[in-house]
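[1] Make a model of this:
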Amino acid sequence: MTDMLDALGIVKKVVRGVFHEGADADGQGHVCQGHACTDHLSADHTSAEPEGQDSARQGPMLVNSEVELGTKANCFLSRLAPKPGTIMLGDGGIDFIAASGRGFVAIPWPSIQKVRADVYGKHVRGIEVVTADGRAIPFVLSRGHEVLRVIHAHLGRTRIVSMRHNVALR
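    Got it, this is the predicted structure:
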């Protein structure tokens with residue numbers, strides 16, 4: 001896991017900020033680029049270094065201080081242009097970092113209303129995270145069962161539901 005984080009140029013510790021409970025209007029606090037940000041689900045949030053400061057790349061401000069599971073995923077913030085990258089689940093929530101280095105998604109556990117699982121037989125194709133403000137963020141996962149186990153440990157069974165499909169495959 002640390003090799004994957006090093007390859008992406010991400011420092012595991014949050015260097016520029018702390019998680020602020022209740023920093024947002026909706027009461028779900030987080031830190032994005034060292035400031036309280038109300039639009040933390042934007043696909044193009046990046047951590048820009050101000051000129052003259054530490055030149056070491058520190059990456060985006062993520063919600064996890066410890067990563068429990070990391071796997072390849074595609075994030076579909078736009079239905080036409082999926083972003084390939086890495087999804088990381090840990091003590092603070094769900095982090096997604098685009099493989100290109102441009103853009104990330106950081107969702108703290110308290111701001112997740114429910115998680116919809118896309119299950120076909122015994123295969124978990126992906127998940128859709130629904131936040132407290134009603135936004136749905138779909139991810140297609142390479143290791144879906146393991147991701148659901150970690151989410152279950154943090155959110156419980158009541159907040160994990162099955163996706164509804166128009167066509168039933170049996």
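
[2] what does the helix or strand that contains residue 68 rub up against?
    Assessed by DSSP states H and E, residue 68 sits inside strand 67-75. Residues outside strand 67-75 that contact it (C-beta atoms under 8 Å, 6 or more residues apart in numbering) are 1, 4-5, 12, 43, 82-91, 95-96, 98, 105, 126, 137-143, 146-147, 150. Placement of C-beta: from N, CA and C, glycine included.

[3] quick one, longest helix in the chain?
    helix 144-155 (DSSP state H).

[4] what's the following helix or strand after that one?
    With DSSP H and E, the next secondary element past helix 144-155 is strand 160-162.

[5] pLDDT weak spots in the protein?
    1-60, 166-170 (pLDDT under 70).

[6] ranges for the helices of it?
    2-7, 144-155.

[7] Pull up the gap between the residue lying closest to residue 97 once chain neighbours are set aside and residue 98, please.
    Distances taken as C-beta to C-beta, 6 or more residues apart in numbering put residue 104 closest to residue 97, at 4.8 Å, once the chain neighbours are dropped. Applying C-beta to C-beta, to the nearest Å, the value for residue 104 to residue 98 is 6 Å.

[8] what is residue 139 paired to in the beta sheet?
    Taking DSSP bridges as the rule, residue 139 bridges to residue 75, residue 127.

[9] need the contact list for the nearest residue to residue 63 once chain neighbours are set aside.
    Distances taken as C-beta to C-beta, 6+ apart put residue 92 closest to residue 63, at 3.6 Å, once the chain neighbours are dropped. When contacts are counted by C-beta under 8 Å, 6+ apart, residue 92 touches 19, 62, 63, 64, 65, 108, 109.

[10] how close does the fourth one sit to residue 94?
    Going from residue 64 to residue 94 by C-beta to C-beta gives 8 Å.

[11] which neighbours do those two share?
    residue 88.

[12] Give me the more crowded residue out of those two.
    residue 94 (27 against 20; other C-beta atoms under 10 Å).

[13] Which residue ranges of the protein form strands?
    67-75, 83-90, 93-98, 104-108, 112-120, 123-131, 136-141, 160-162 (DSSP state E).

[14] Format the ones you listed as TSV; extra columns: distance to residue 154.
    Shown next, in TSV, are the strands of the chain (distance: least, C-beta to C-beta, whole Å):
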stretch	distance to residue 154
strand 67-75	9
strand 83-90	8
strand 93-98	8
strand 104-108	10
strand 112-120	9
strand 123-131	12
strand 136-141	16
strand 160-162	10
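
[15] And residue 104 and residue 98? Which one has more around it.
    More crowded of residue 104 and residue 98, by other C-beta under 10 Å: residue 104, with 28 against 21.
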